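Trainee: fold the following and give me the result.
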Amino acid sequence: MTAARTLARLPSGAPNIDLVLGGGLISNAVNLIIGPPGAGKTILAQQYLFTNATKERPGIYLATVSEPLEKILRYGQTLAFFDQKAVGSSVFYEDLSAAMNATGLAGVLLQVDRLLKERRPGMVVIDSFKALHPYAENQGDFRRFLHDLAARLSVVPVTSFWVGEYGRDDATEAPEFAVADAIVSLHSERAAERERRVLQVLKLRGSAFMSGQHAYRLSGEGFDVFPRLADAIDLSSYKIHRERISSGIPILDEMLTDGYWSGASTLVAGPSGAGKTLMGLHFVFAGARLGAPGLIATFQENPVQLENICNGFGWSLSDDNIAVMYRTPVDMYIDEWVYNLLEIVERSGTKRLMIDSLGDLMVAAGDDIRFREYVYSLLQRFSRASVSVLMTQEVPQLFGVTGLSEVGISHLSDNVVLLQYLPSHSEVKRAASVLKTRASQHDPYIRQYDITKDGFTVGKPFPDGQGIV
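Mentor: Numbering: from 1, shown residues only. Here you go, the predicted structure:
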């Protein structure tokens, strides 16, 4: 039996893009990059060009009539991947507008013929390809041009990028969509006042790829993608550590039957000011005292504010076993945040992670299904890595809490601790209860607690008949 031939891949210069593309785009193929103006099509094409062009197999960038060549070069020079020394030796820029205006599409073919013979390129970019359409007398004329161009590019080992301001609806009418071996769509999604750039692979012949929409950012470093994190079911075996770890609060450990399982996830839910963040700080600093690195991933307080809170209870963020990852929820991509979090956890060897709070993360996600997918995938990965996670979730009710999470995060958590306010005659008391501990018994009582200079202190259960509503 003949083994399947492995197709050569073209790297992008950004590992996450190659991950989405199942290892990279196929070499010596026609690739269509589509999207509205400003989506980053030109940046992505140039990033491929500078990543792969060599003196022996140079890259050629052909500008048509949509954007002046001088403008493409001027903005390209601001990007980190743009190598000025490569221009004229391994990367060549050419302007097709004069030939197009003089002899139309026939002039484009003559220019391509000349460059293929003279330069023997490994890559050819045509930007904008859609701008060629008006130079055809009719649709049949454009189809003949497309056939002739594809024939020229297929007889030599060259990878082509056709860049254009196409919409995904153009796939049913524009003939270049049928010719292309790969189609990568760049567009934006808007939710309320937030806008998110997303990449989607619409077609990739002869290769598997990651389906769905993947967020991306444009920066001075170029084009980078944050692949959609949605872990499939993994039935492979992994070791579960059976030891218990302290919550940092002795009475809560008793309520949980000697603390949390190592590698478990815990949801602490409650109204504003109930002490959710403080309970999380007890958790990470208790681990730090035992030499277990802790990470505080917060949206609520910046490091200065958080240090001030910690100092009030005798802790400090300067502890060698404590790291802080602060991100403002304004203009945040949940996709980017997730990959930053995974990288810091791996680099620091984090064993205890606090996420404060899930409400900010849900807003950044944009929709409930996507948010739930990300939380599920994170908890699965951390469980396999024996990273214990504590998440905080604010509930809207000050009294009489009737629900913990609108998207079922409590079902994904191994432990659920509820903090709430209970009215009792003329005063309001704080109450803590353990609603759930997976694979373990727990204290069913509602206990009063206080926040003192020593932190979170839990007392005895409320006596029956005390007048609590």
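Trainee: alpha carbons of stretch 67-75, as PDB, please.
Mentor: What follows is stretch 67-75 as a C-alpha-only set of coordinates in PDB (Å, rounded to 0.1, in the frame of the first residue of the first chain):
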ATOM      1  CA  GLU A  67      -3.900  51.300  -3.800                       C
ATOM      2  CA  PRO A  68      -0.700  53.100  -4.900                       C
ATOM      3  CA  LEU A  69       2.500  51.100  -4.600                       C
ATOM      4  CA  GLU A  70       4.200  54.000  -2.700                       C
ATOM      5  CA  LYS A  71       1.500  53.800   0.000                       C
ATOM      6  CA  ILE A  72       1.800  50.100   0.400                       C
ATOM      7  CA  LEU A  73       5.600  50.400   0.900                       C
ATOM      8  CA  ARG A  74       5.300  53.400   3.300                       C
ATOM      9  CA  TYR A  75       2.900  51.600   5.700                       C
END
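Trainee: give me the low-pLDDT residue ranges for the stretch 151-300 of the chain?
Mentor: Low-confidence regions of the stretch 151-300 of the chain, defined here as pLDDT under 70, cover residues 191-194, 230-241.
Trainee: span of stretch 108-127 from start to end?
Mentor: The distance separating the two terminal residues of stretch 108-127, taken as Cα to Cα, to the nearest Å, comes to 12 Å.
Trainee: for that stretch, list every residue counted as buried.
Mentor: Buried residues in stretch 108-127, counted by 16 or more other Cβ atoms under 10 Å: 108-109, 111-112, 115-116, 119, 121-127. In short, each C-beta sits where N, CA and C put it, glycine included.
Trainee: now do that stretch: distance to the chain's middle.
Mentor: Between the centre of stretch 108-127 and the centre of its host chain there is 37 Å, according to Cα atoms, centre = their mean, to the nearest Å.
Trainee: quick one: average pLDDT of that stretch?
Mentor: Model confidence over stretch 108-127, given as mean pLDDT, is 94.
Trainee: for stretch 314-321, same thing?
Mentor: For stretch 314-321, the mean pLDDT works out to 95.
Trainee: and the contacts of it?
Mentor: 281, 285, 287-288, 291-294, 296, 303, 306-307, 310, 322, 324 (Cβ atoms under 8 Å, 6 or more residues apart in numbering).
Trainee: beta partners for V225?
Mentor: Partner residues in beta bridges with V225, using DSSP bridges, are Y216.
Trainee: please read the previous query as pertaining to V268.
Mentor: Applying DSSP bridges, one finds that V268 bridges with T392, V417.
Trainee: ok, it to V434 distance?
Mentor: Remark: distance between V268 and V434 (Cβ to Cβ, to the nearest Å) = 11 Å.
Trainee: higher neighbour count, those two?
Mentor: With neighbours defined as other Cβ atoms under 10 Å, V268 and V434 compare such that V268 has more, 29 against 22.
Trainee: wait, that one sits on G280?
Mentor: Yes. Assessed by Cβ atoms under 8 Å, V268 is found in contact with G280 at 6.7 Å.
Trainee: identify the contacts common to those two.
Mentor: 390, 392.
Trainee: following the chain onward from the helix or strand containing L62, which element is next?
Mentor: The secondary structure element spanning L62 is strand 59-63 (assigned by DSSP states H and E). Read in the C-terminal direction, the helix or strand following strand 59-63 is helix 69-76, with elements assigned using DSSP H and E.
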